[in-house]
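[1] Build me a structure from this.
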Amino acid sequence: MASGETATDLRALRAEVGRANIAAATLPREQAEQFFARCADLAIEGGRAAVLRPRARRRLIAAGLGLGVPAFKAHLIVAAAQHGAREGLTPDPGALRASLPAARRAASPRVSRGARVVRLVREGIKLLLITLALAAVIAGVLAAWVISAER
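    Got it, this is the predicted structure:
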């Protein structure tokens, strides 16, 4: 095999691994939208006044785009969160799904409340474990840095 072919194969393999890494790092669209909706609920200030400062709104929309939420839908989710706050409604992650047209809701499978709770708890545990692992890695790096600085 010629070295040119090997380099081409290596580049193709690296590109494939890169695409697989990106795919593995992204949330499914529905989870990203629910997470973004919760972030929008938490970003609103002033209770029923539903204040969202322009700078905070821009940051929130940018975060939504980073999660893969389309721009129009990100603005719609923020508007729905503000409307809910003005109406005095408590934030509900399923509120966005309830506001979708009936045909779209009918197309999605019904999941019992208990199954949703179990799924959310599992996702929360996964997120907690990932956070703890990252914290341990950061603590290890910092400890190594401090030890190397003392020498």
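
[2] In the protein, where is pLDDT below threshold?
    Within the chain, the segments meeting pLDDT under 70 span 1-5, 20-27, 90-112.

[3] rerun that using 90 as the cut-off
    By pLDDT under 90, the low-scoring segments of the chain are 1-54, 56, 60, 63-70, 80-124, 148-151.

[4] And it, what are its domain boundaries?
    Domains of the chain are assigned by automatic domain parsing as 3-108, 110-151.

[5] for these, which one ends up most surrounded?
    Comparing the domains of the chain by mean neighbour count (mean count of other C-beta atoms under 10 Å), domain 3-108 ranks first with a mean of 14. Bear in mind the C-beta positions are built from the backbone N, C-alpha and C, glycine included.

[6] That one: how far from the chain's middle?
    Distance of domain 3-108 from the chain centroid (C-alpha atoms, centre = their mean, to the nearest Å) equals 6 Å.

[7] now swap in stretch 118-127 and tell me
    The answer for stretch 118-127 is 14 Å, by C-alpha atoms, centre = their mean.

[8] I am finished for the moment; much appreciated.
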